Every structure is written in structure tokens, then in C-alpha cells.
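# whatever this is, show me its structure:
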Amino acid sequence: MVSKIIAMQIITVTNQNQKEIVITQPDHYQIDLVDPGVEVNISGKFLVTGKQEVNLEVIIHHKAAHTKAQTNFKGVVDDQGYLRILGRIIIDKNCPDTNSFLEERILLLSDQARAETIPDLEIKSDDVKCSHAAAISHINHQQLFYLQSRGIALKQAQNLIVDGFLEN
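Coordinates of the predicted model:
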């Protein structure tokens with residue numbers, strides 16, 4: 001059996017450093033919240049086109065009590081592209097009053113576009129708030145029809161919907 005070694009970028013969040021983390025490149029990340037009271041917002045937006053295959057894995061690891069993480073990833077997949085987002089929240093033992101939310105949303109623009117969202121929670125402590133949301137969908141045809149009935153060309157209407165999806 002051959003084992004695959006995956007390098008992981010580790011980002012340590014303390015009371016002394018960043019409170020906003022924007023992930024712009026697909027890779028494997030671990031974000032460690034190590035000081036009590038640390039709050040962080042984590043986000044990323046990905047556009048996948050052609051035959052690209054994009055994999056993003058993010059672990060949000062709460063290692064101290066009273067920590068908070070708000071994580072939001074969005075992706076748009078066109079053509080024959082493939083996007084996979086694996087998000088995991090880990091809350092260690094003895095980390096009460098921890099609050100963590102993970103959201104993964106993907107918009108497919110073609111019938112051949114593919115995507116996976118894999119949210120995962122590993123909670124080893126009591127008195128925590130931890131949840132996730134994941135969705136994969138196509139552009140709503142009623143939204144396209146509405147925009148086109150106002151004189152907006154199909155491609156421009158799609159672009160407006162994609163822009164709105166990525167900004168909200």
C-alpha cells in the first residue's frame with residue numbers, strides 16, 4: 001500500500017494576530033484557534049472553468065475555550081469543471097463556550113459541471129454551538145427569465161446572478 005503525504009498549511013490564530021482569513025488558493029489548510037476568546041472570520045471564493053479540478057480542504061481547530069469561527073466558502077463551476085470543498089470543525093476537550101459555523105455553497109453553470117461539499121464536525125467538548133450548511137445548485141431559470149424579460153442578454157444575466165451569489 002502506498003500512502004499519500006499531503007502537506008498542510010497551518011495558520012495559528014492568537015489574540016495577537018489576524019481576525020480575517022481569506023483563502024484564495026485551493027490547498028489543505030488547518031486553522032488553529034489557540035487563545036481563549038479568539039474570534040476569526042474565514043472565507044474563500046473559487047471559480048472553476050474548463051476541465052479544472054479544484055480541491056479545498058480546511059480544518060478549523062478550536063484548541064481553547066470561548067473561541068468563535070465563522071467560515072464561508074463559495075464556488076462557481078462552469079464547463080466540465082469539478083470543485084470539492086471539505087470543511088471540518090474540530091473542538092477539543094475542555095473548550096466550553098465555543099461557537100463555530102461552516103457554510104459551503106456551490107453554483108453550477110453547466111450540466112457537465114460537478115461539485116462536492118463535505119462538511120464535518122468533530123466535537124469533544126460540552127457547552128458548544130457548532131453547525132454547518134452545504135448546498136449545490138444550478139442557476140434558477142426563473143431568475144434568468146426575469147432578467148432576460150427586462151432586456152438583459154443571457155450571458156450578462158448569468159454574470160449578474162453569479163456576481164450576486166459571490167457577493168452575498
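
# so where's this structure shaky on pLDDT?
The model of the chain has pLDDT under 70 over residues 1-6, 18.

# wait, isn't F101 in contact with F73?
No. With contact defined as CB atoms under 8 Å, F101 does not reach F73; the gap is 11.9 Å. To be clear about C-beta, it is placed using only N, CA and C from the backbone, and glycine gets the same treatment.

# tell me the secondary structure at the residue nearest in space to the middle of the chain.
Closest residue to the average C-alpha location of the chain: F73 at 2.4 Å, with CA atoms, centre = their mean. Secondary structure for F73, judged by DSSP: H, G, I helix; E, B strand; the rest coil, is strand.

# ok, it - contacts?
Neighbour list for F73: 23, 43-46, 56, 58, 85, 87, 103-105 [criterion: CB atoms under 8 Å, 6 or more residues apart in numbering].

# hmm, which of those residues are the buried ones?
Among the contacts of F73, the ones that count as buried by 16 or more other CB atoms under 10 Å are 23, 44, 46, 56, 58, 85, 87, 103-105.

# for V128, list each beta-bridge partner.
Counting by DSSP bridges, V128 forms beta bridges with T98.

# for T67, see how far away it is.
Look at V128 and T67: by CB to CB, to the nearest Å, they are 10 Å apart.

# strands along the protein, start to end?
9-13, 20-23, 28-33, 39-48, 53-62, 68-77, 82-91, 98-108, 114-123, 128-138 (DSSP state E).

# got a list of contacts for the fourth one?
Contacts made with strand 39-48 from outside it, assessed by CB under 8 Å, 6+ apart, are listed as 13, 18-24, 26, 31, 33, 54, 56, 58, 60, 67-78, 81-83, 113, 166.
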